[in-house]
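*Asks:* Using only what follows, build the 3D model:
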Amino acid sequence: MVNGQASNYNRRLKDNYGIWENGLPNYRLVWSEDQYEKRIGEFDIVTESGIFLRKEVGVKEVPKYRYFREKWVLEKIFPINGPGLTEKWSYEPVYAFVQFPSWKAIQFLIHTIIANMSGNPNYPKYHEPNLSPEEERYRIEEIAKELFSNETSTGDALAHKQAIIVPRSYQS
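*Replies:* Numbers count the residues shown, from 1 in each chain. Predicted coordinates for the structure are as follows:
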């Protein structure tokens, strides 16, 4: 179900936040384990059992997100240029989610990015329609909890009400 929901989110991202000059959406939500990129460098060639064979210099397709594994990543497209580049664009990470994000959290992030990139101090802040100021403040606090909760699986489970603490005395 999550992949279907991700496809739905990506359609909504394209419809709500537009496409770049090459027809690709300005934003997309991807699973970190599915993303690869070509890198130039020096690579160790090893056997399946881990025995070093040699070093090779060149271009190799490698996992894009080696530093955060098994995360949902909101990416934004950016223009790039330089010698020897075949593409004139690249998707770069905006935010890595520990668990599948809510649509409201994605909207909150994108509105914040647009407001900051526009340089317009009067750009409208993220707004929850049809809510009282108190309800809106509570909702934004909930989105902030989703985005900025503790960065451990236990802390996240507690922050998202998916775990409980059972007090126990450890006296011998």
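*Asks:* contacts, neighbours, all on C-alpha from now
*Replies:* Will do.
*Asks:* how about the residue nearest the centre of the chain, secondary structure?
*Replies:* Taking C-alpha atoms, centre = their mean, the centroid of the chain lies closest to V73, which sits 2.2 Å from it. Under DSSP: H, G, I helix; E, B strand; the rest coil, V73 falls in the strand class.
*Asks:* So what pairs up with it in the strands?
*Replies:* The partner list for V73 in beta bridges (DSSP bridges) reads V30, A96.
*Asks:* Now find how far off-centre stretch 20-29 is within its chain.
*Replies:* Its chain's C-alpha centre and that of stretch 20-29 lie 15 Å apart, by C-alpha atoms, centre = their mean, to the nearest Å.
*Asks:* Helices of this structure, residue ranges please.
*Replies:* 2-17, 103-118, 133-148, 153-159 (DSSP state H).
*Asks:* Would you format the ones you listed as JSON lines with distance to I40, mean pLDDT and mean neighbour count included?
*Replies:* Shown next, in JSON lines, are these (distance: least, C-alpha to C-alpha, whole Å; pLDDT from 0 to 100; neighbours: other C-alpha atoms under 10 Å):
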{"stretch": "helix 2-17", "distance to I40": "30", "mean pLDDT": "90", "mean neighbour count": "14"}
{"stretch": "helix 103-118", "distance to I40": "30", "mean pLDDT": "84", "mean neighbour count": "16"}
{"stretch": "helix 133-148", "distance to I40": "33", "mean pLDDT": "72", "mean neighbour count": "15"}
{"stretch": "helix 153-159", "distance to I40": "34", "mean pLDDT": "62", "mean neighbour count": "15"}
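*Asks:* nearest to W89, of those helices?
*Replies:* Minimum separation from W89 across these (C-alpha to C-alpha) falls at helix 2-17, 16.5 Å.
*Asks:* Kindly export that closest one (C-alpha atoms) in PDB.
*Replies:* C-alpha atoms of helix 2-17 as PDB (Å, rounded to 0.1, in the frame of the first residue of the first chain):
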ATOM      1  CA  VAL A   2       2.900   2.400   0.800                       C
ATOM      2  CA  ASN A   3       4.200   2.200  -2.800                       C
ATOM      3  CA  GLY A   4       0.700   3.000  -4.200                       C
ATOM      4  CA  GLN A   5       0.500   5.900  -1.700                       C
ATOM      5  CA  ALA A   6       4.000   7.100  -2.800                       C
ATOM      6  CA  SER A   7       2.800   7.100  -6.500                       C
ATOM      7  CA  ASN A   8      -0.300   9.100  -5.400                       C
ATOM      8  CA  TYR A   9       1.900  11.600  -3.600                       C
ATOM      9  CA  ASN A  10       4.200  11.900  -6.600                       C
ATOM     10  CA  ARG A  11       1.200  12.700  -8.800                       C
ATOM     11  CA  ARG A  12       0.100  15.300  -6.300                       C
ATOM     12  CA  LEU A  13       3.600  16.800  -6.100                       C
ATOM     13  CA  LYS A  14       3.700  17.200  -9.900                       C
ATOM     14  CA  ASP A  15       0.200  18.700 -10.000                       C
ATOM     15  CA  ASN A  16       0.600  21.000  -7.100                       C
ATOM     16  CA  TYR A  17       4.300  22.100  -7.400                       C
END
